[in-house]
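Asker: quick one, structure for this:
(one chain, ligands or ions: 1)
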Amino acid sequence: MFGAFKKLRDSLAKTRDGFVRSLETVLGRERPIDEELLEEIEATLLAGDVGVRATERIVGALRDGARRGAVDGPDAAWALIRREARALLDPRNLAEPAGPVARHLARGPRDEAAAGRGQGLGLAPPAGASPGVGESARPRVVLVVGVNGVGKTTTIGKLAMRHARDGRRVLLAAGDTFRAAAGEQLALWAERAGAELIRQEKGADPASVAFDAYARARARGFDLLVIDTAGRLHTKSNLIEELKKVRRVLAKQDPALPDEVLLILDATTGQNALSQARTFTEAIGVTGLVVTKLDGTSKAGVLLALSEELGIPVKYVGVGEGPDDLEDFDPDAFVSALLGGSA
Ligand code: GDP
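Answerer: Just a heads-up that it's a prediction; the model follows:
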């Protein structure tokens, strides 16, 4: 846990050097919390990609606090900013609950064995164990969407590594049938992870790939099926229609499918990530976000904007290019790593 926190903290260095340091400078001066200061805080948060709504919420809370006399100086202001940031990111405050896959994947053999109890993190039930209440033995299906270059394939690879290592049988489906390179990259990750890959010829219908993949995953007892999809932006409407069809074909096999639709967003794109997210969430529904490349950007404040504006939880963050550089998103750890204070 300490290692993961350190990695997260290190990955946020550029963002801390950016708007967080500016905020420290603004708040560090011995000044009353008045309208002028609040405006400076507002401008700093907006420049840090925190987004209009999240910024309004934080500044509104500071204004109220100052009026009531509860926020009377920099320390109290910081404490309140941290509290508001945590509340913004807390999945319990979002409209959309954590998806069933997140819950299902939150249990499993190795952690359970290690912990010596029935609850652990991140794994499927042990071989021979009966599924939990309300769970069937069918594979869990994660559909992964996002525009090209955001880190979709890499994230799928990291997820495959993690779950294969934890003893799950993982099947990857190459649903971007247009770009040969996408399928090849996925094949490399599958090999690395010891996962299986299902691919069809170039130009094949992605819905047919998804259909076959689910049939194979179910017939052969896979625990987890992760379906990659295309992400070409220039023909956005075709892409969205294609994704909708993939969803429909899966839902025909089981109305509960897909269990999770993960939208991958690249933090370095800042507010662009927000507009991409709107396109995908409105058109096909998204149950969770993965925000990649936190390590390469000063725009990690965008996570606050995403949570507030979309009401969809961030499930994972990418903190590097390596196989282990994907972390479960923990709002408390994120706020501590970004703004200081205890996790
Ligand atoms: P895709 O087109 O969405 O499938 O994107 P890729 O998975 O091919 O990733 C695009 C680039 O981003 C690659 O060079 C990845 O190594 C890199 N990348 C993906 N995730 C991360 C991350 O969390 N941090 C960093 N620094 N690079 C990442």
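
Asker: tell me, what residue is most central in this protein?
Answerer: What sits nearest the mean C-alpha location of the chain, by Cα atoms, centre = their mean, is Val290, with 2.1 Å.

Asker: from the ligand, how far off is that one?
Answerer: 9 Å (Cβ to the nearest ligand atom, to the nearest Å). Using the backbone N, CA and C atoms, a C-beta is placed for each residue, glycine as well.

Asker: hey, what's that residue bridged with?
Answerer: In this entry, Val290 is beta-bridged to Ile264, Tyr316, by DSSP bridges.

Asker: who's in contact with it?
Answerer: Neighbour list for Val290: 151, 155, 262-265, 314-318, 326 [criterion: Cβ atoms under 8 Å, 6 or more residues apart in numbering].

Asker: ok, and the most crowded of these?
Answerer: Highest neighbour count within those: Leu263, with 29 neighbours (other Cβ atoms under 10 Å).

Asker: SS state for the closest residue to that one other than its chain neighbours?
Answerer: Using Cβ to Cβ, 6 or more residues apart in numbering and skipping residues adjacent in sequence, the residue nearest Leu263 is Val286, 4.3 Å away. What DSSP: H, G, I helix; E, B strand; the rest coil gives for Val286 is coil.

Asker: filter the contacts of Val290 down to the ones near the ligand?
Answerer: By Cβ under 6 Å from any ligand atom, the members of the contacts of Val290 lying near the ligand are 151, 318.

Asker: tabulate the contacts of Val290 in CSV, adding columns for pLDDT.
Answerer: Formatted as CSV, the contacts of Val290 follow (pLDDT from 0 to 100):
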residue, pLDDT
Gly151, 97
Thr155, 98
Leu262, 98
Leu263, 97
Ile264, 98
Leu265, 98
Val314, 96
Lys315, 96
Tyr316, 97
Val317, 98
Gly318, 98
Leu326, 97
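
Asker: excluding covalently adjacent residues, which one is nearest to the closest residue to the ligand within the chain?
Answerer: Nearest residue of the chain to the ligand: Gly318, at 2.5 Å (Cβ to the nearest ligand atom). Distances taken as Cβ to Cβ, 6+ apart place Thr292 nearest to Gly318, at 3.4 Å, with adjacent residues excluded.

Asker: so where's the stretch 51-200 of the chain uncertain?
Answerer: By pLDDT under 70, the weakly predicted segments of the stretch 51-200 of the chain are 95-136.

Asker: where along it do the strands fall?
Answerer: 140-145, 170-173, 196-198 (DSSP state E, counting those that start in this stretch).

Asker: just give me the neighbour total for the residue lying closest to Ala160 once chain neighbours are set aside.
Answerer: Among residues not flanking Ala160 along the chain, Ala193 sits closest, at 3.9 Å (Cβ to Cβ, 6+ apart). Ala193 sits with 22 neighbouring residues when counted by other Cβ under 10 Å.

Asker: no further queries at this time; thank you.
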